[in-house]
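[1] the sequence and its predicted three-dimensional model are supplied below.
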Protein chains: 2
Amino acid sequence: MKLTILGCFSAFPKKNSFTSSQLLEINGKSFLIDCGEGAQIQLRKFGIKLNSIENIFISHLHGDHFFGLPGLISTLRLIGRTKPLHIYGPLGIKKAITLLLKLGDSWTNYDLCFHELSSKESILLIENEKFKIETIPLNHRIYTNGFLFTEIINEQKLIAENVIQYEIDKTQYRGIKLGNDGVSLNGDLIKNSLLTEPKKPHKRYAYCSDTCFFPEIIPIIRNSTVLYHESTFLDSHYELAKKTKHSTAKEAAQIAKQANVEMLILGHFSCRYNNIEEFKSEAKLVFNNVELSKDGKIFNF
Amino acid sequence: MKLTILGCFSAFPKKNSFTSSQLLEINGKSFLIDCGEGAQIQLRKFGIKLNSIENIFISHLHGDHFFGLPGLISTLRLIGRTKPLHIYGPLGIKKAITLLLKLGDSWTNYDLCFHELSSKESILLIENEKFKIETIPLNHRIYTNGFLFTEIINEQKLIAENVIQYEIDKTQYRGIKLGNDGVSLNGDLIKNSLLTEPKKPHKRYAYCSDTCFFPEIIPIIRNSTVLYHESTFLDSHYELAKKTKHSTAKEAAQIAKQANVEMLILGHFSCRYNNIEEFKSEAKLVFNNVELSKDGKIFNF
């Protein structure tokens, strides 16, 4: 998985800090997660081909998470997109986008497929042999979902020396990688576990923004490889976080710890703070493996 | 008048070239003309206080002219605006903006006053003793208006040496500036024309984007101080301009010449051209005083 942060501040975009938007790449497929104003500018800035985007996931309908979407949709038309674009977002997103297109008499020349969300339970959005995408119901001022991306790793890695030792014919390799047992040249059955490395767990990326401290998400995101969790405020603004249904860095770290994730990425910082490093310091008191979002930063995992 | 170009390219924003948006300042009042995606970023970049904006004028509802508006409206709320904001734009703009605010449950804490336009004739939008603003009906693929801004210069400049020579008391200065005759110390009536410089014509800024070559606008914009006229294409793409109802640099210059304006500013350039200077060269074959728009460029007139 490759995650590129396109914007990671809350509220409104400024000269050098854009609002929420990320590009996640899994097995060569590109997913845009949230689309704050100017996301298309950031995509260009960081050398990402706009047309590579397969699906767009909008967490909620606050402007700093989706005001870049109408422009991106229009631009995709102008640059000649023909393949469908799938948009997952809260109920109402279709009406908003189609109204804007209608007013401009600017219909797309590609299929715009809306998948409107209204469930309060986690639901499956996409599943195939390579990846699975589910919602993570969050708790914010308006209906909001996070998204859980699972990279499905079907193949096991062969242990080269054992395969040779047990005289396994090459024609069996593919089957063994997928879990079959092997058969040696003299006909002996060789257990799969002797021929392959232990199966690696699926990689999972959990995107959680915006939300208050909401431990109900823990069963969904448990053991994720990477958790992006909003931390709009520091603990010094705990009351403000509570009032606005946002989280503090400390709370994000508590979720990361309780969910036993491998790494926590913080983001959605309020513009009131001059020193973003304080978010890291605060979170690290609770959970050790913490990284900060930054426009243009890339995480490979 | 002070005009700051915030964005001047057509279609979609890129890293260093934003779509249509300008800030016009007249006598300390600030007017935003069009509001492409990221206009609020540009306002900040060029040191303009967002809250200084009194009125916003949207020419038409293509995304490159108004997709920055929802974000700007939201940001004004977040930075605590209390004074009303007046928005002039085509019929439908109110429905679009209010739907977006409603979806985010993000109502403004200041009055948002929409003035929806649908007239095909030039109409008066605002008139007071300092300025006057009228529409310039244009001819584009969808309903579009340009805007004509007139700075009303009521006061004449006193000729200091004459005022002293005719022994005019200081208490009369204000009245003379506004057109009264003077009375000398010995009671003689002194004609206003002897005490003041000839009245300066009102300054006028005409904004015309987007439109095809449309000479019907000439009576409205005649003798303007500055004309901004779109030139999406060069004459080499004349057919494309005609098809998409845009203008070429040559056509913009023809309008400028026929309307006898003092200066022509070109903008709304298609992203297909690497060398924007060619627009200037083409226009100058028809009309001499031509300037090119550039993000951040300021024109004082």
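    That came in fine, so what should we check first?
[2] what are the contacting residues of stretch A:117-126?
    With CB atoms under 8 Å, 6 or more residues apart in numbering or on different chains as the test, stretch A:117-126 has contacts from A:55, A:57, A:88-91, A:115, A:132-137, A:143, A:145, A:147-148, A:220. Where you see a C-beta, it was placed from the backbone N, CA and C, and this is true even at glycine.
[3] strands - which of those land there?
    Assigned to strands by DSSP state E, the following of the contacts of stretch A:117-126 qualify: A:55, A:57, A:88-90, A:115, A:132-137, A:145, A:147-148.
[4] which of these count as buried?
    If you count burial by 16 or more other CB atoms under 10 Å in any protein chain shown, the buried members of the ones in strands among the contacts of stretch A:117-126 come out as A:55, A:57, A:88-90, A:132-137, A:145, A:147-148.
[5] and these, which is closest to chain B?
    The shortest approach to chain B among these belongs to A:Pro90, at 7.8 Å (CB to the nearest CB).
[6] so who does the closest one touch?
    A:58, A:60-61, A:116-118, A:142-145, B:103.
[7] repeat the analysis, applying 6 Å as the threshold.
    A:Pro90 makes contact with A:60-61, A:117, A:143 under the criterion CB atoms under 6 Å, 6 or more residues apart in numbering or on different chains.
[8] closest to chain B out of those?
    A:Leu61 (4.2 Å).
[9] how much space separates A:Gly38 from A:Tyr88?
    Noted for A:Gly38: a distance of 21 Å to A:Tyr88, by CB to CB, to the nearest Å.
[10] now swap in A:Lys157 and tell me
    Counting by CB to CB - A:Lys157 and A:Tyr88 are separated by 33 Å.
[11] with A:Phe287 instead?
    Going from A:Phe287 to A:Tyr88 by CB to CB gives 29 Å.
[12] now A:Ile221
    For A:Ile221, the distance to A:Tyr88 - CB to CB - is 18 Å.
[13] for A:Gly47, same thing?
    Look at A:Gly47 and A:Tyr88: by CB to CB, they are 25 Å apart.
[14] kindly report the same for A:Leu101.
    Taken as CB to CB, the span from A:Leu101 to A:Tyr88 is 18 Å.
[15] by proximity to chain B, which residue of the stretch 151-300 of chain A wins?
    Closest point on the stretch 151-300 of chain A to chain B, by CB to the nearest CB, is A:Cys271, at 9.0 Å.
[16] residues near that residue, how many?
    15 (other CB atoms under 10 Å in any protein chain shown).
[17] can you pull the contacts of it?
    So A:Cys271 contacts A:9, A:11 (CB under 6 Å, 6+ apart).
[18] so it, which state does it fall into?
    A:Cys271 falls in the coil class when you classify it by DSSP: H, G, I helix; E, B strand; the rest coil.
[19] any idea how far the closest residue to A:Lys130 other than its chain neighbours is from A:Gly80?
    Using CB to CB, 6 or more residues apart in numbering or on different chains and skipping residues adjacent in sequence, the residue nearest A:Lys130 is A:Asn27, 4.9 Å away. As judged by CB to CB, A:Asn27 and A:Gly80 stand 25 Å apart.
[20] helices of the stretch 51-200 of chain A, residue ranges please.
    A:63-66, A:69-78, A:93-103, A:160-165, A:173-177, A:192-195 (DSSP state H, counting those that start in this stretch).
[21] wait, is A:Glu25 part of a strand?
    Yes - judged by three-state DSSP, A:Glu25 forms part of a strand.
[22] correct me, but it touches A:Phe31?
    No - taking contacts as CB atoms under 6 Å, A:Glu25 lies outside contact range of A:Phe31: 7.6 Å.
[23] who has more neighbours out of these two?
    Higher neighbour count among A:Glu25 and A:Phe31: A:Phe31, with 24 against 16, using other CB under 10 Å.
[24] just the helices in the stretch 201-301 of chain A please.
    Going by DSSP H, counting those that start in this stretch, the stretch 201-301 of chain A shows helices at A:218-221, A:238-244, A:249-258, A:277-284.
[25] mean neighbour count, the ones you listed: which tops it?
    Most buried of the helices of the stretch 201-301 of chain A by mean neighbour count (mean count of other CB atoms under 10 Å in any protein chain shown) is helix A:249-258; its value is a mean of 24.
[26] list of residues touching that one?
    Helix A:249-258 has contacts (CB under 6 Å, 6+ apart) with A:213, A:218, A:227, A:229, A:231, A:234-235, A:264, A:266, A:279, A:282-283, A:286-287.
[27] nearest to B:Phe9 among the residues you listed?
    The closest of the contacts of helix A:249-258 to B:Phe9 turns out to be A:Leu266 (CB to CB; 35.1 Å).
[28] who does the closest one form a beta bridge with?
    Beta-bridge partners recorded for A:Leu266 (DSSP bridges): A:His229, A:Leu292.
[29] which ones are touching A:Lys170?
    Per CB under 6 Å, 6+ apart, neighbours of A:Lys170: none.
[30] now A:Leu72, nearest residue through space, not along the chain?
    Nearest non-adjacent residue to A:Leu72, counting by CB to CB, 6+ apart: A:Gln40, 4.6 Å away.
[31] state whether the one you found is indeed within a helix.
    Yes - A:Gln40: assigned to a helix according to three-state DSSP.
[32] check it and give its pLDDT.
    Looking at A:Gln40, its pLDDT is 97.
[33] one more: the one 4 residues further on?
    Model confidence at A:Arg44, expressed as pLDDT, equals 96.
[34] for it, give its distance to chain B.
    Separation of A:Arg44 from chain B (CB to the nearest CB, to the nearest Å): 6 Å.
[35] number of residues surrounding that residue?
    So A:Arg44, with other CB under 10 Å, has 17 neighbours.
[36] hang on, it in a strand?
    No - applying three-state DSSP, one finds A:Arg44 to be helix, outside a strand.
[37] check contacts around it.
    Residues near A:Arg44 by CB under 6 Å, 6+ apart: B:14-15.
[38] apply 10 Å and report the result again.
    A:Arg44 is in contact with A:50, A:75, B:12-16, counting by CB atoms under 10 Å, 6 or more residues apart in numbering or on different chains.
[39] let's see which of those residues end up in helices.
    Per DSSP state H, helices hold the following members of the contacts of A:Arg44: A:Thr75.
[40] adding distance to A:Val183, pLDDT and neighbour count, write the contacts of A:Arg44 out as a markdown table.
    Output for these, formatted as a markdown table (distance: CB to CB, whole Å; pLDDT from 0 to 100; neighbours: other CB atoms under 10 Å in any protein chain shown):
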| residue | distance to A:Val183 | pLDDT | neighbour count |
| --- | --- | --- | --- |
| A:Leu50 | 50 | 96 | 17 |
| A:Thr75 | 55 | 96 | 22 |
| B:Phe12 | 59 | 89 | 26 |
| B:Pro13 | 61 | 90 | 31 |
| B:Lys14 | 59 | 85 | 15 |
| B:Lys15 | 58 | 84 | 10 |
| B:Asn16 | 63 | 84 | 11 |
